[in-house]
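[1] A structural model of the following input is requested.
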Amino acid sequence: MQSPRALSLLQLSGEKWNAYRQSRAKADAHTYHDAQTTAASVPLCRLRVVGRNEDTKRIIKAANSQGNDFIEVERRMSENLRLLEIAQEIEDAIRVPMQYWVLGSSDGVTYKNLMQPVAEHVAFESDAQVVLTILLPSECDDFVAENKQHPWLRLRAQELAGSTDPRAIATAAFHLVNASSSQHWAAYTTQRKKDCENLNESVTWSSETPSEYQIIKSGVEDAIASVGLSDMWADIIHDCVIPLSVDIQDDGDCNVREAHVLSRVYSPCNSAAVDLYLDYWYRTRYDSVEFWCNMYYRAHTNISDVLDQKVPQGNRKLNGFKRLLQMNLPDLYDSRGRWRRAEERSFDLGETKVTSLHKLLFGKGQGRTKKATSGSEVPLAARVDKLAMMELLLSSVGVSVTAARKAGDDEGNICAGNDMTWEGFQGNERWLGRNLRRACGIGPLDGDDKETDREDEGMDYDEDRYWDGDEDGNSENEEYF
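    Reported below is the predicted structural model:
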């Protein structure tokens, strides 16, 4: 990148511009050939280009035949379209070589590698008007600071001048909903900001969220979307989910083979949070399968001190966690020495615990208030019911679940976001859905008496054995948390 001088001092005209155009003639020919061969069925997009400083704005206005303060660039958004093509058309309009300026988008991303396809950038995915800003190199840092969007968080903290009330500060920072009275809001704010900063370091400022976090992000978004909340409510709930540590490895064929994920779900109304931890392993061998999945939860009923990120180290050292579910395939062989599939499963969360977690995260209130004709006064706990909460908690560690709620509903597949799959969960959809419904106080549906979905697939699993804990589906005694 070269001189930070005003662009008006760098404009070329006459012979100088013609010479410059000839020097890139070969690149232009290649670019225009690509543009002409793009299928006509590909949508045509009009990008709007604006300036940031007054000098650049004057150049753009002079380049617009109608004197508008923007330039429009028309391109078909094919997978092969590169930023270079757009930059060259802008260059032709303002007659300033692109080596002297940078393009930035409204999400605070600056594009310095013009060979990248536009399909790789989030700003071009929206159906809304795409606006690009011409920047001097010296303007890039300020532009990013003013426009950057957190790669995970959707909402920005509200301004709150002069207040010393910890609850008001927390409400402004995180868009809390009817925040309860608590002495711990200051600690809540400190801890949540710290977790957000750590997340910011893990998920870099780029046009794409790293694939590991995208698995969780897409699952969380699906879980929230299934509830049917308005955009405001959906954004508030979305930002409560903070992945703390994510290690997800696939086999190269979109199947998760190993995962260790720790996430924290903050309450939007109480000074509380719930941690979820997933420990998953899946390997296929020549004549057998290695698989285990352990999921744990830990409730922070009042955040009064710094929260650690210790995770369970086996059943003897849980570090404050309790088991939510356990699945595994033990090594068992028949009399002829052949490995046989023998699944062991336990779901360790009962209705009492789920009710307590729901109250902890989403407060009190079941159903509408008398004045809630418009829905604005519906309690948060009624907007996000127990089953929706459980789906949100599971998605926070990458396990996307859609359990049937009533007769006629399909038991959704258990999957990971971003087109990834959990092979270890396949065939366990009904088992997990049945236990989630039972833990959330929803009556049994047709087919809940079946042990496995494999019965519907006509597969012979006579040697399978299943253990679901006690007759109530809980392998531990009920307790508050």
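
[2] contacts only, for residue 399.
    Contacts for residue 399 (CB atoms under 8 Å, 6 or more residues apart in numbering) come out as 219, 278, 295, 414, 416, 422, 425. Placement of C-beta: from N, CA and C, glycine included.

[3] what's the helix or strand hosting the third one packed up against?
    Okay, so that is residue 295. Element membership for residue 295 (DSSP states H and E) is strand 289-300. The contact analysis (3 or more CB pairs under 8 Å, 6 or more residues apart in numbering; DSSP states H and E) places strand 289-300 against strand 273-284, strand 322-328, helix 351-362.

[4] check which residues of the lengthiest helix in the chain are buried.
    As assigned by DSSP state H, the longest helix anywhere in the chain is helix 185-202. When burial is assessed from 16 or more other CB atoms under 10 Å, helix 185-202 yields the following buried residues: 185, 186, 187, 188, 189, 191, 192, 195, 196, 199, 202.

[5] of these, which is the nearest to residue 351?
    residue 188 (27.6 Å; CB to CB).

[6] excluding sequence neighbours, find me the nearest residue to that closest one.
    The shortest distance from residue 188 to any non-neighbouring residue, by CB to CB, 6 or more residues apart in numbering, is to residue 271 (4.1 Å).

[7] and the residue nearest to residue 403 when sequence neighbours are not counted, what does it touch?
    Sequence neighbours aside, residue 433 is the residue nearest to residue 403 in space, at 4.1 Å (criterion: CB to CB, 6+ apart). Neighbour list for residue 433: 401, 403, 404, 411, 448 [criterion: CB under 8 Å, 6+ apart].

[8] using CSV, write out every CA atom in the host helix or strand of residue 433.
    Taking DSSP H and E as the criterion, the element that holds residue 433 is helix 429-439. Written as CSV, here are the backbone C-alpha positions of helix 429-439 (Å, rounded to 0.1, in the frame of the first residue of the first chain):
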residue,chain,number,x,y,z
GLU,A,429,-33.4,-39.6,17.9
ARG,A,430,-36.5,-41.2,19.5
TRP,A,431,-34.6,-42.1,22.7
LEU,A,432,-33.3,-38.5,23.1
GLY,A,433,-36.6,-36.9,22.2
ARG,A,434,-38.5,-39.2,24.6
ASN,A,435,-36.2,-38.3,27.5
LEU,A,436,-36.3,-34.6,26.7
ARG,A,437,-40.1,-34.6,26.6
ARG,A,438,-40.3,-36.6,29.8
ALA,A,439,-37.8,-34.2,31.6
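
[9] go ahead and flag the most central residue of the chain.
    residue 217 (1.5 Å; CA atoms, centre = their mean).

[10] and that one, how far is that from residue 94?
    38 Å (CB to CB, to the nearest Å).

[11] what's the answer for residue 270, then?
    Taking CB to CB, one finds residue 270 at 54 Å from residue 94.

[12] any idea which of the buried residues of helix 185-202 the model trusts least?
    For the buried residues of helix 185-202, the weakest pLDDT value sits at residue 202, with 79.

[13] who are the contact partners of the nearest residue to residue 237 once chain neighbours are set aside?
    Once flanking residues are discounted, residue 237 sits nearest to residue 224: 5.5 Å by CB to CB, 6+ apart. For residue 224, the contact set (CB under 8 Å, 6+ apart) comprises 234, 237, 238, 392.

[14] dump the residues you listed to JSON lines, plus secondary structure and pLDDT.
    Output for those, formatted as JSON lines (DSSP: H, G, I helix; E, B strand; the rest coil; pLDDT from 0 to 100):
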{"residue": "234", "secondary structure": "helix", "pLDDT": "90"}
{"residue": "237", "secondary structure": "helix", "pLDDT": "95"}
{"residue": "238", "secondary structure": "helix", "pLDDT": "95"}
{"residue": "392", "secondary structure": "helix", "pLDDT": "96"}
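
[15] quick check: mean pLDDT across stretch 316-333?
    Mean pLDDT, stretch 316-333: 85.

[16] could you number the chain from 407 rather than 1 from now on?
    Okay, residue one is now 407; in that scheme the one you just asked about reads as stretch 722-739.

[17] just the CA trace of it, in PDB.
    What follows is stretch 722-739, C-alpha atoms only, in PDB (Å, rounded to 0.1, in the frame of the first residue of the first chain):
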ATOM      1  CA  ARG A 722     -14.400 -39.100  39.900                       C
ATOM      2  CA  LYS A 723     -13.500 -35.500  39.300                       C
ATOM      3  CA  LEU A 724     -16.400 -33.600  37.900                       C
ATOM      4  CA  ASN A 725     -15.300 -30.100  39.000                       C
ATOM      5  CA  GLY A 726     -18.800 -29.100  40.000                       C
ATOM      6  CA  PHE A 727     -20.500 -30.600  36.900                       C
ATOM      7  CA  LYS A 728     -23.300 -33.100  36.900                       C
ATOM      8  CA  ARG A 729     -24.000 -35.600  34.200                       C
ATOM      9  CA  LEU A 730     -26.700 -34.700  31.700                       C
ATOM     10  CA  LEU A 731     -26.500 -37.800  29.500                       C
ATOM     11  CA  GLN A 732     -24.100 -40.700  28.700                       C
ATOM     12  CA  MET A 733     -23.800 -42.900  25.700                       C
ATOM     13  CA  ASN A 734     -21.200 -45.500  24.700                       C
ATOM     14  CA  LEU A 735     -20.500 -48.800  22.900                       C
ATOM     15  CA  PRO A 736     -18.600 -51.100  25.200                       C
ATOM     16  CA  ASP A 737     -16.300 -53.700  23.700                       C
ATOM     17  CA  LEU A 738     -18.400 -56.900  23.800                       C
ATOM     18  CA  TYR A 739     -17.900 -60.000  21.700                       C
END
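
[18] pull out the buried positions in it.
    Buried residues in stretch 722-739, counted by 16+ other CB under 10 Å: 724, 727, 728, 729, 730, 731, 732, 733, 734, 735.
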